[in-house]
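Asks: quick one, what's the 3D model for this:
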Amino acid sequence: FTIPQLKMVLGRNLFLSTLRKLSKSNSLRLNSKHCIALAAKSGTFRNYADKGAIQNNVCTDEESPVVIIGGGPTGLILSIFLSQYNIPSTLVEARTPDQIHMHPQAHYLNLRTMEILKHYVPNVFEDVINAMPPVDDWEGFTFGYSVMGRQIARVAHPVRGIVEGQDGNSILCAEASGGESIDHVNSSASRCSVCNPGHLAQNKFASILLNETRRMADLVDGNSPTKIYHGESVLGVKEQNSHLQVQTNARNIKAQHVIVAEGSLSQTRSQHGGVLAGNTEMQHLMNIHFRTSERLSNQLEQKKEAVGMLHFVFNQEIVGAFVCHDLREGEWVLQVPFFPPYQNSTDFGKERVQNMVKAGLAGESIVEVQDDDIDILSVKPWTMSATVAQKYLIGESKNIVLAGDAAHAFPPAGGFGMNTGIQDSHNLAWRLANIITQRLSKENGNIMLEHYENDRKPIAQQNAALSVRNYNRTLALAKACYLDADHPSLLKKVMESPPMNFIPLNIRQQTFGTAVMTAMMPLVNIASGNLYGERITKNVRRILESGGGLPLLFPRFEIGFSYDKSRSLNEEDDTAAFYSQIGEGNRLPHIAIQAVAHPSHTCDALKSVTSLTDIESQISERWGAPNPPSYSLILSCAKASDAVVSKTRMWAESQVFNVVPLCLFEIYSDRVMAAKRVETLPTKDGQNSFVLYDIEGKFDELKRDYIDRNRYG
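Replies: Down below sits the predicted model:
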């Protein structure tokens with residue numbers, strides 16, 4: 001850097017004190033590492049680099065077919081999927097692993113996400129299952145004066161297994177009951193999914209994904225290895241004639257595709273014209289991450305009716321939601337609404353936050369909470385929004401692709417944010433792999449990526465609308481406690497209108513705070529159980545009895561969504577039961593199957609296959625040996641026929657232009673016929689033909705249903 005550049009990056013004082021003795025010449029250049037070290041010390045290097053003043057001699061030049069910006073769950077699992085397809089990628093994340101793994105954030109893994117983990121990344125699935133708290137600790141939600149104090153209501157959710165025809169609604173537990181649960185479903189054949197949902201703090205989940213990302217990176221075979229860079233900021237992405245140029249504060253990376261998964265505040269999206277549609281400021285919340293002592297955690301665990309994932313607390317000192325990430329480890333988050341500019345982060349000092357947490361956990365209960373029982377780890381403001389990007393493919397080249405929170409942001413109610421991002425990556429990875437492996441033309445590559453947008457954007461819009469409805473359900477519960485979410489907004493409007501807006505801000509802040517405290521004072525009656533408190537209790541229980549409140553499972557939205565635009569989900573009944581169907585754009589249904597091995601097969605995976613869902617991935621075992629994507633053909637015949645199989649295979653291969661591998665699955669509902677078919681299966685078909693036995697004959701039923709539905713179509 002020249003002297004003027006150093007003056008800009010270091011600031012006047014540090015510049016003078018550091019360089020006064022070196023030279024007065026404008027042409028002096030220092031060692032680039034020396035300059036970066038000085039800039040880092042001043043804390044201003046990134047701001048300087050953002051102005052485009054970074055020099056080429058500071059960066060190394062690299063090349064990668066895919067650059068992933070963002071190292072959260074969406075970016076990590078995309079890197080894993082690409083490695084499984086033997087496609088190298090470079091992941092760039094501004095935070096260090098320690099920073100990423102510090103805060104819990106999201107925690108709910110829905111049915112489809114758990115299926116993807118089980119069938120595509122079984123190492124991750126097993127680690128998640130082992131790291132999750134016991135189901136008893138998180139299947140319930142509670143509503144009350146405090147977590148351990150007087151309880152208004154407790155509900156239990158069907159997270160132990162849900163069958164077809166069963167809705168996702170919780171059950172309202174009897175008053176004064178213990179930790180009631182919904183019975184486990186034993187019949188795997190009647191289940192909606194081979195998996196149950198999961199509950200694991202995002203920081204732990206991300207750590208598991210990072211380990212698998214590193215393991216898979218070592219398996220990629222090629223001249224350009226998969227790389228992961230933490231602690232590097234992306235300064236910009238430039239579109240060249242034939243490629244994209246990603247510039248970080250340490251390197252320049254030439255890429256064919258850039259996947260933007262750096263969160264809802266993505267700078268890359270903004271720089272390339274990405275526009276969000278929706279509500280960007282639904283609610284401001286303070287996120288308080290804390291840990292309870294072993295003594296307090298044990299007391300909480302012993303009070304069975306107070307154990308759960310979410311605790312909605314209503315008292316005169318705090319109205320908020322406690323998220324129990326791990327009861328045994330004492331890992332909690334408290335979400336508290338606040339209203340800038342009349343409330344701000346300075347109102348949440350350590351002492352006040354400590355008192356809020358104590359009041360919300362213990363309240364009027366007999367449990368005495370000491371200061372050393374609560375360890376406040378972080379206090380961070382965040383803004384709830386409900387947005388979806390207008391375009392998922394941005395820039396002139398359309399090779400800059402949005403995924404995860406960079407493409408959509410939802411209220412946390414229902415837990416669809418992280419899950420939708422993971423499922424974005426699942427849809428996107430094989431498309432990128434096909435484009436790169438088959439060296440598709442720019443036109444055909446863009447068409448394939450447009451299908452990604454056409455598939456995933458409507459799903460994001462569905463999930464955003466559902467998440468808003470879920471958020472409104474929580475507001476209905478607050479209203480049952482005689483707290484109206486519209487009142488703070490109306491009060492803010494009054495404060496910002498004449499003549500109130502002429503009053504100094506600090507006076508208006510005091511007035512606003514007093515008004516909020518006054519509105520919360522009647523909640524003390526919940527603890528006393530008097531007539532007013534009993535009325536609140538009846539209001540809340542009435543909502544929960546009628547299927548209101550906040551559900552946890554949404555079967556149709558989790559595994560029943562379709563990429564067929566004519567089958568978009570409506571809001572008639574968000575928790576309605578799911579019924580399996582065969583149809584364009586649907587996930588393959590869960591059908592209990594048994595794979596019948598051909599003598600030529602050496603695939604150990606055949607022994608562990610239990611579901612038709614994601615059958616190709618289960619068979620291919622790419623987590624052990626990466627290989628390119630393949631298409632699947634599932635053939636259901638009443639009677640085996642080599643002629644029919646051969647003719648159908650030829651047709652299917654013509655649909656993929658004979659360039660993408662094809663796996664053939666013949667499915668039979670008769671065990672004897674399946675065994676005979678294996679014996680006559682042509683050896684020349686090698687490892688790409690498989691026979692499946694449909695244990696319950698369910699595929700035939702679904703096939704007949706499909707034919708009936710489309711008979712006149």
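
Asks: need the contact list for the residue lying closest to Glu294 once chain neighbours are set aside.
Replies: Leaving aside its sequence neighbours, Glu294 sits nearest to Gly330 (Cβ to Cβ, 6 or more residues apart in numbering; 7.1 Å). No exception for glycine: its C-beta is placed from N, CA and C like everyone else's. Gly330 makes contacts with Arg291, Thr292, Ser293, Glu294, Leu296, Ser297, as judged by Cβ atoms under 8 Å, 6 or more residues apart in numbering.

Asks: again, only using 7 Å
Replies: With contact taken as Cβ atoms under 7 Å, 6 or more residues apart in numbering, Gly330 is in contact with Arg291, Thr292, Ser293, Ser297.

Asks: give the phi and psi angles for it, as a check.
Replies: Comment: the main-chain dihedrals of Gly330 come out as phi 70, psi 30, following degrees, to the nearest 10.

Asks: so which of the contacts of Gly330 is the most crowded?
Replies: In terms of neighbours by other Cβ atoms under 10 Å, the contacts of Gly330 top out with Thr292 at 22 neighbours.

Asks: Ile374 versus that one, what's the distance?
Replies: In this structure, Thr292 and Ile374 are separated by 6 Å, where distance is defined by Cβ to Cβ, to the nearest Å.

Asks: ok so, going back, relative to Ile228, which of the contacts of Gly330 is nearest.
Replies: Within the contacts of Gly330, proximity to Ile228 (Cβ to Cβ) peaks at Arg291, which comes in at 28.8 Å.

Asks: what's the next secondary structure element after the helix or strand hosting that closest one?
Replies: Following DSSP states H and E, the helix or strand that holds Arg291 is strand 276-292. Next along the chain after strand 276-292, taking DSSP H and E as the criterion, comes helix 294-302.

Asks: quick one: distance of that next one to the chain centre.
Replies: For helix 294-302, the gap between its own C-alpha mean and the chain's C-alpha mean amounts to 30 Å (Cα atoms, centre = their mean, to the nearest Å).

Asks: contacts for the next helix or strand after that helix next, please.
Replies: The element immediately downstream of helix 294-302 (helix or strand, assigned by DSSP H and E) is strand 310-314. Residues external to strand 310-314 that are found in contact with it (Cβ under 7 Å, 6+ apart): 141-147, 319-323, 360, 477, 481, 523, 526.

Asks: what does stretch 280-292 give?
Replies: Residues from elsewhere that reach stretch 280-292, judged by Cβ under 7 Å, 6+ apart: 103-104, 330-340, 348, 353, 357, 373-387, 411.

Asks: if you count neighbours, what's buried in it?
Replies: Taking 16 or more other Cβ atoms under 10 Å as the neighbour-count basis, stretch 280-292 is seen to contain the buried residues Met282, Gln283, His284, Leu285, Met286, Asn287, Ile288, His289, Phe290, Arg291, Thr292.

Asks: poorly predicted segments of the stretch 251-400 of the chain, please.
Replies: In the predicted model of the stretch 251-400 of the chain, no residue satisfies pLDDT under 70.

Asks: can you give me the helices for it?
Replies: For the stretch 251-400 of the chain, the helices defined by DSSP state H, counting those that start in this stretch occupy 267-271, 294-302, 350-361.

Asks: could those go into a markdown table alongside distance to Pro555?
Replies: Conversion of the helices of the stretch 251-400 of the chain to a markdown table gives the following (distance: least, Cβ to Cβ, whole Å):
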| stretch | distance to Pro555 |
| --- | --- |
| helix 267-271 | 32 |
| helix 294-302 | 30 |
| helix 350-361 | 32 |
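
Asks: of those helices, which approaches Arg622 most closely?
Replies: helix 267-271 (28.8 Å).

Asks: how about Thr537: what's its closest non-neighbour residue?
Replies: Once flanking residues are discounted, Thr537 sits nearest to Ile152: 4.9 Å by Cβ to Cβ, 6+ apart.

Asks: list the contacts of the one you found.
Replies: When contacts are counted by Cβ under 7 Å, 6+ apart, Ile152 is found next to Phe143, Gly144, Ile526, Ile536, Thr537, Val540.

Asks: please identify which of these is nearest to Ala306.
Replies: The closest of the contacts of Ile152 to Ala306 turns out to be Gly144 (Cβ to Cβ; 8.3 Å).

Asks: any of the contacts of strand 310-314 buried? List them.
Replies: Taking 16+ other Cβ under 10 Å as the criterion, what is buried in these is 141-147, 319-323, 360, 477, 481, 523, 526.

Asks: not counting its neighbours along the chain, what's nearest Pro555?
Replies: Nearest-residue entry for Pro555: Phe578, 3.6 Å, with adjacent residues in sequence omitted and distances by Cβ to Cβ, 6+ apart.

Asks: also His199?
Replies: Nearest in space to His199, with sequence neighbours left out and distances taken as Cβ to Cβ, 6+ apart, is Trp138 at 4.5 Å.

Asks: with Thr226 instead?
Replies: In space, and not counting its chain neighbours, Thr226 is closest to Ala217: 3.7 Å by Cβ to Cβ, 6+ apart.

Asks: and if you look at Ser562?
Replies: Distances taken as Cβ to Cβ, 6+ apart place Gly585 nearest to Ser562, at 4.2 Å, with adjacent residues excluded.

Asks: what helix or strand is the one you found on?
Replies: When secondary structure is defined by DSSP H and E, Gly585 falls outside every helix and strand.
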